[in-house]
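Sequence and predicted structure are below.
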Amino acid sequence: MRIAISNTIFFLQKTGGISRYFVNLTDEFDKKEIEYKIIAPISKNIHLKEKKNNKISFYLSRFPNNTLFTRLNNFLFNKYIKKYDPDILHETYYSSNVKSFKKIKVLTVYDTIHENYPEYYSKEQINKKKKILEYIDHFICISKYTQERFLELYNVPISKTSVIYLSGDHIKKKLNYNLLEFDKYKLKKNSFFLFVGSRDKYKNFQLLISSLNLINKFKNFKIVCFGGGSFTNGELNNLNDNFINIQGGDGELKYLYANALALIAPSKEEGFGITILEAMELGCPVLCSDIKVFREVAGLAPIYFSPSSDEELANKIEKLILDNNKRDLMIKEGINQCKSYSWRSCADQTEKIYRSLL
């Protein structure tokens, strides 16, 4: 059995949950001695750059996002795929490359956010996704919620879908960061809350801003926004000095999880929730929006709040600040909840799907 992992997400994404998923998945493939290649001729992805073996990839920190570069990348991909001649192509995102591959094609479905929030996306993006689906032999959904919504939206038999959970256990294996680098931020343990990743659209960052403005006791706490790019001019007009923007790698993120008072995840919609598992793996309590997929993944470990109520979030934050016993209990429950997820289990189940399709 020979597997090819496609180029699509590594061309589009510099860092993020999807590319992290495939790198962690294939790291487990290495241990299981599964024959595979990540074929990503032109890549700007940090996670793939750090991977040492079983890849065909040339890293560029930046390149123009235009049709010419996309065509070049796809041309090289098709050339290498013919040479490698895999039994199965695992498509990493929604690419027309699957149309020309004549053997078995697997696609991971991460969420149905485009369909649930069409106001945030162009019709072209949604239609492109629909056109790819008919070429796929099997769909791996990363949560039961995602599977349910996917089946509701598309004419796909349930027998062509499976649910395989992701994990957050990779974060524990990352090297510790040089703490001296954080001196300029004056971030003492339990003196700040953490928000991770993109802040636009369905991520609901504005709810966090408005809720914190309601808390008098918050004035002594910082809110660290990690990843997602620098603050925009529009954001800066609404943020006070308590908000800190940090861009960095997994070492910095590991330090932040381990020292934050809590991770706050106010999303209106998600397909899974890797950041929640990462936080809980490192003993960081989680406050997250009360949406179906977070309940599925995180269970009873977090404190939940309505994604439409800044007052409720403010109240939950204030109570957590004052209740150390509750926070200690959340840490224990979070660590216990994480035992249900591992990248090894993800790899084992994915291998079973591959073999069942041959």
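Nice, thanks for sending it over. Numbering: from 1, shown residues only.

Now that K326 has come up, it's in contact with K316, right?
No. Judged on C-beta atoms under 8 Å, K326 makes no contact with K316 at a distance of 10.3 Å. Quick note: C-beta positions are derived from backbone N, CA and C, even for glycine.

Which one's more surrounded, those two?
Neighbour count, other C-beta atoms under 10 Å: between K326 and K316, K316 has more, with 20 against 13.

tell me the contacts of that one?
L287, I303, F305 (C-beta atoms under 8 Å, 6 or more residues apart in numbering).

quick check: longest strand of the protein.
Longest among the strand segments of the chain by residue count, using DSSP state E, is strand 35-43.

Sheet-wise, list the partners of it with their directions.
strand 2-5 (parallel), strand 55-59 (parallel) (DSSP bridges).

Switch those over to a markdown table; also include mean pLDDT, distance to Y36 and mean neighbour count.
What follows is those, written out as a markdown table (pLDDT from 0 to 100; distance: least, C-beta to C-beta, whole Å; neighbours: other C-beta atoms under 10 Å):
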| stretch | mean pLDDT | distance to Y36 | mean neighbour count |
| --- | --- | --- | --- |
| strand 2-5 | 98 | 4 | 22 |
| strand 55-59 | 94 | 9 | 16 |
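
For those strands, give me a markdown table that also has distance to Y84.
Below are these laid out as a markdown table (distance: least, C-beta to C-beta, whole Å):
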| stretch | distance to Y84 |
| --- | --- |
| strand 2-5 | 6 |
| strand 55-59 | 8 |
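
E351 is nearest to which of the ones you listed?
Nearest of those to E351, taken as C-beta to C-beta: strand 2-5 at 9.0 Å.

Run through who's touching that closest one.
With contacts defined as C-beta under 8 Å, 6+ apart, strand 2-5 is touched by 22, 26, 29, 34-40, 81, 84-90, 92, 354.

what's the offset of it from the middle of its chain?
In terms of C-alpha atoms, centre = their mean, to the nearest Å, the gap separating the centre of strand 2-5 from the centre of its chain is 22 Å.

Report the next helix or strand after that strand in sequence order.
Per DSSP states H and E, the first helix or strand lying C-terminal to strand 2-5 is helix 8-12.

Averaged pLDDT, that next one. What do you get?
On average, the pLDDT along helix 8-12 is 95.

in stretch 122-134, what's buried?
Buried residues in stretch 122-134, defined by neighbour count with 16 or more other C-beta atoms under 10 Å: K129, I132, L133.

same thing with stretch 344-358?
For stretch 344-358, by 16+ other C-beta under 10 Å, it's S345, C346, A347, T350, E351, I353, Y354.

Out of those residues, which comes closest to I113?
C346 (21.3 Å).

Can you name the residues in contact with the helix or strand containing that closest one?
Element membership of C346, judged by DSSP H and E, is helix 343-357. Contacts to helix 343-357, defined as C-beta under 8 Å, 6+ apart, come from residues 1, 3, 24-25, 27-29, 31-32, 34, 88, 104, 106, 137-138, 140, 162, 164-167, 169-170.

Kindly recompute the last result at 7 Å.
Residues external to helix 343-357 that are found in contact with it (C-beta atoms under 7 Å, 6 or more residues apart in numbering): 1, 3, 24-25, 28-29, 32, 34, 88, 104, 106, 137-138, 140, 162, 164-167, 169-170.

Pull out the buried members of the residues you listed.
Buried members of the contacts of helix 343-357, scored by 16+ other C-beta under 10 Å, are 3, 24-25, 28-29, 34, 88, 104, 106, 138, 140, 162, 164-167, 169-170.
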